[in-house]
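> The following block contains a protein sequence and its predicted model.
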Amino acid sequence: MNTYRVIIVDDDETALQILTQQLAQDSRFAVVATATSGAPAYRMILEEKPDLVFLDVELPDITGMSLLQELRNSVTWNMRVVFYTAYDKYMIQAIRESAFDYLLKPFLPTDLTEILNRFVNHYKINPRFQVPVKQTEGKTFIVFTPTNEMMALRPAEIGFFRYCSDRKLWEVISLNQPPLSLRRGVTAEQIIAFSPNFVQVHQSYIINIDYLMIIRESSCQMYPPFDKVEDLHVSKKFKKELQDRFCW
């Protein structure tokens, strides 16, 4: 009988311990490593080459979705990912788009057994299955609000990001929604890294280039429905790079 190698990534020590103990009761699986943040998890996954990863949706330094996206081009072996999350089921479809399955905290032993059995059966049927590579337009932008809510947006729904210096956080301006505040600590670099369409034009603005019509007098003129926005200024620091890159 095969023994499948497992890595658990979760910053909740209690949840990590519970899952480790439950997996130890199934002789088909062996937990070879655990991590509580994204950076060591990235290294461990590449070193250990696990068959199965249980990945928390939110980690101290990165989201589970972002970590998975960073790993996609480096995973050359058969690996499945199960998101291990405490968030409500209304978010599950967005989460499941990026992984093999999900395990909702707190879980019943039968919930875990069902996933493990499905994993084993799927592995036998599709031994060459790998982490799927999704195109940018298919990705879901997962954001966490200051009140710890999780929301999912498609990049195409986002017009721009605006930094609120008084509150020290970024806001997302998107289609048919009021401004959505991101959690403090989210950086411009993290936002830009998510999609090549997100381009910083000012210390306080990151735009979705798909909505950029033209740069006029150091201001971004956007396509509808963001054409009424008048404060999307382009600073000298970012203007030349923007012009060189997009040939305006």
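Ah, there it is.
> Straight-line length of stretch 193-204, end to end?
Counting by CA to CA, to the nearest Å, the length from the leading to the trailing residue of stretch 193-204 is 16 Å.
> hang on, I meant stretch 204-213
End-to-end distance of stretch 204-213: 19 Å, with CA to CA as the criterion.
> Could you pull out the strands in the protein for me?
4-9, 29-35, 52-56, 80-85, 101-104, 141-144, 150-153, 158-164, 169-174, 180-181, 198-202, 205-208, 212-216, 219-222 (DSSP state E).
> Deepest-packed of those strands, please.
strand 52-56 (a mean of 27; mean count of other CB atoms under 10 Å). Heads up, the C-betas are built off the backbone N, CA and C, glycines and all.
> mind checking how far that one is from the chain centre?
Shown here is strand 52-56, whose average C-alpha point lies 13 Å from the average C-alpha point of the whole chain (CA atoms, centre = their mean, to the nearest Å).
> And stretch 74-86, by the same measure?
The chain centroid and the centroid of stretch 74-86 are separated by 13 Å, computed with CA atoms, centre = their mean.
> Quickly list the domain ranges of this protein.
The record's domain parsing of the chain by automatic domain parsing lists 4-125, 141-246.
> By mean pLDDT, show me the worst of these.
Per-segment mean pLDDT for the domains of the chain reaches its minimum on domain 141-246, at a mean of 83.
> Counting neighbours, which bits of stretch 230-244 end up buried?
Neighbour-count burial for stretch 230-244 flags 232-234, 238-239, 242 (criterion: 16 or more other CB atoms under 10 Å).
> Inside helices: which ones of those residues?
Members of those lying in helices (criterion: DSSP state H): 238-239, 242.
> And these, which is closest to Phe54?
Taking CB to CB as the measure, Phe238 is the one of these closest to Phe54, at 39.7 Å.
> Who are the contact partners of the closest residue to that closest one other than its chain neighbours?
What sits nearest to Phe238 in space, not counting adjacent residues and going by CB to CB, 6 or more residues apart in numbering, is Val201, at 5.1 Å. By CB atoms under 8 Å, 6 or more residues apart in numbering, the contact set of Val201 is 207, 220, 232-235, 238-239, 242.
> Distance to Leu116 added to these, as TSV?
Putting these into TSV (distance: CB to CB, whole Å) gives the following:
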residue	distance to Leu116
Ile207	44
Cys220	50
Leu232	50
His233	53
Val234	52
Ser235	52
Phe238	49
Lys239	54
Leu242	49
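> so which of those residues would you say is closest to Gly159?
Each of the contacts of Val201 was checked against Gly159 using CB to CB; the closest is Ile207, at 7.4 Å.
> how close does that closest one sit to Glu217?
The gap separating Ile207 from Glu217 is 16 Å, by CB to CB, to the nearest Å.
> Then Asp56?
The spacing between Asp56 and Glu217, counted by CB to CB, is 46 Å.
> cool, and Asn208?
Using CB to CB, which is the criterion applied here, Asn208 is 21 Å from Glu217.
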